[in-house]
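1. take a look and give me a structure for this.
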Amino acid sequence: MAERRTTTRTGSTAVTPAKGAQATKTPTAKEAKAQAKAARAAIKERRKNSTDPADMGRFRQIGQAYKVTHEFDPQLPWLLAAAFLVPVAIGVAVGLLWDHLIYLVVMGLLVGLLLAMMLLVRRAKRATYKRYAGQTGSAEVALSMLPKQWVSSPVVAATRQRDVVHRTIGPGGLVLIGEGEASRVRPLLQSEARKHERVAYGITVTTLVMGDAPNQVPLDKLADRIRKLPKTLESNQVTDLKQRLRALDAVRPVIGMPKGPMPGDPRHVRSSRQATRGR
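-> Sure, this is the predicted structure:
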């Protein structure tokens, strides 16, 4: 028998486990506290060793952005020092003349810190573009610099010759970006534009070819070019268009991602920008 029934004086039946049955052990409060502490320690250790900026603290994000940028921008330390020290020196000089030294020195420190952070973000973006210039898939770096209102889908179409088409949707409408040999990527871009127009229902599809030749958009200018497009869509229209494009993407064959920039590196730029304005 797995259990034994006993009858109490009131007539109710109580079930007690048999001798061979094993009772479930409930962890004590001390054990539960130890388990929670171990889980927190594991999370802390993972974040400490992680290279994902989302797991980093604010100061570590800034340090990582500086480290990555300095590899491609040797003048960065001197520029940051000048951006920080010049406002401080001005604050000291004016403070000595106006007899408000402490107030103006503190003001100079704050202004210098802000200028240094703004300069770091700007140079980090430039270094990122320099790092990935000429690589297949580098347009994804520019798309990662767009504001959050833009929803990007890298490599929605590609050829064996590594010509690719990227897509982004935002306030400026639906934009397709071609990347590769111009003679091959333009027909691919036109074909994708016709497919998207059939699903977009009257929404204009803007096509851009990334490159340094005439009538092309350089990598470091691509994000600004897209951001400056006239506003044609509201947020609810962007959401609706995104849902319709899922039907188009569902019938596509699986596309292998070409070797190119990984999305982790551009996030260092975004992380440093977040650090300047707070999370």
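2. how is this protein carved up into domains?
-> 58-132, 139-253 (automatic domain parsing).
3. report the distance from the longest one to the chain centre.
-> Right, domain 139-253. 18 Å (CA atoms, centre = their mean, to the nearest Å).
4. avg pLDDT for it?
-> Domain 139-253 shows a mean pLDDT of 89.
5. Val209 contacts Val175, correct?
-> No - the criterion here is CB atoms under 8 Å, and Val209 misses it with Val175 at 11.8 Å. For every residue, glycine as well, the C-beta is placed using N, CA and C.
6. more crowded one of those two?
-> Taking neighbours as other CB atoms under 10 Å, Val209 and Val175 compare with Val175 leading, 23 against 18.
7. partner strands of whatever helix or strand the more buried one lives in, parallel or antiparallel?
-> Per DSSP states H and E: Val175 is located in strand 173-179. According to DSSP bridges, strand 173-179 has the following sheet partners: strand 164-170 (antiparallel), strand 205-210 (parallel).
8. what sits up against the last one?
-> What it means is strand 205-210. Strand 205-210 has contacts (CB atoms under 8 Å, 6 or more residues apart in numbering) with 138-139, 142, 172-179, 182, 185-186, 189-190, 193, 196-197, 215-219, 222, 225-226, 229.
9. got it, and the first one?
-> Strand 164-170 is touched from outside by 136-137, 139-140, 143, 146-147, 149-158, 174-180, 185, 188-189, 192, 196, 226, 233, 238, 241-242, 245, 258, with contacts defined as CB under 8 Å, 6+ apart.
10. just the buried residues of those residues.
-> 136-137, 139-140, 143, 146, 150-152, 154-158, 174-180, 185, 188-189, 192, 196, 226, 233, 238, 241, 245, 258 (16 or more other CB atoms under 10 Å).
11. can you tell me which of these are in strands?
-> 151-152, 154-158, 174-179 (DSSP state E).
12. check those and tell me the two furthest apart.
-> Val151 and Ala158 (19.6 Å; CB to CB).
13. re earlier: winner for burial among the strands paired with strand 173-179?
-> The highest average neighbour count among the strands paired with strand 173-179, using mean count of other CB atoms under 10 Å, belongs to strand 164-170 at a mean of 24.
14. and the angle from it to strand 151-158?
-> 160 degrees (axes from the mean of the first three to the mean of the last three CA atoms, to 10 degrees).
15. which residues in the stretch 1-150 of the chain form strands?
-> For the stretch 1-150 of the chain, strands defined by DSSP state E, counting those that start in this stretch occupy the ranges 3-7, 13-17.
16. comparing the ones you listed by mean pLDDT, which bottoms out?
-> strand 3-7 (a mean of 45).
17. report the beta-bridge partners for the nearest residue to Ala158 once chain neighbours are set aside.
-> Closest residue to Ala158 apart from its sequence neighbours, by CB to CB, 6 or more residues apart in numbering: Val164 at 4.5 Å. On the basis of DSSP bridges, Val164 is bridged to Ala158, Glu179.
18. show the pLDDT at Lys25.
-> Reported pLDDT for Lys25: 58.
19. hmm, I was thinking of Arg122
-> 89.
20. and Thr8, by the same measure?
-> 45.
21. all further residue positions should be reported with the first residue as 754.
-> Happy to do that; since the first residue is 754 now, the last one works out to Thr761.
22. burial of Gln969, as a residue count?
-> Applying other CB under 10 Å, I find that Gln969 has 16 neighbouring residues.
23. do Ala791 as well
-> 10.
24. what's the answer for Ala895, then?
-> 28.
25. likewise Arg999?
-> 9.
26. with Ala877 instead?
-> 26.
27. now swap in the one 5 residues further on and tell me
-> Residues contacting Tyr882 under the criterion other CB under 10 Å number 22.
28. next one: the closest residue to it other than its chain neighbours from Ala880, what distance?
-> Among residues not flanking Tyr882 along the chain, Asp973 sits closest, at 4.3 Å (CB to CB, 6+ apart). Counting by CB to CB, to the nearest Å, the separation of Asp973 from Ala880 is 11 Å.
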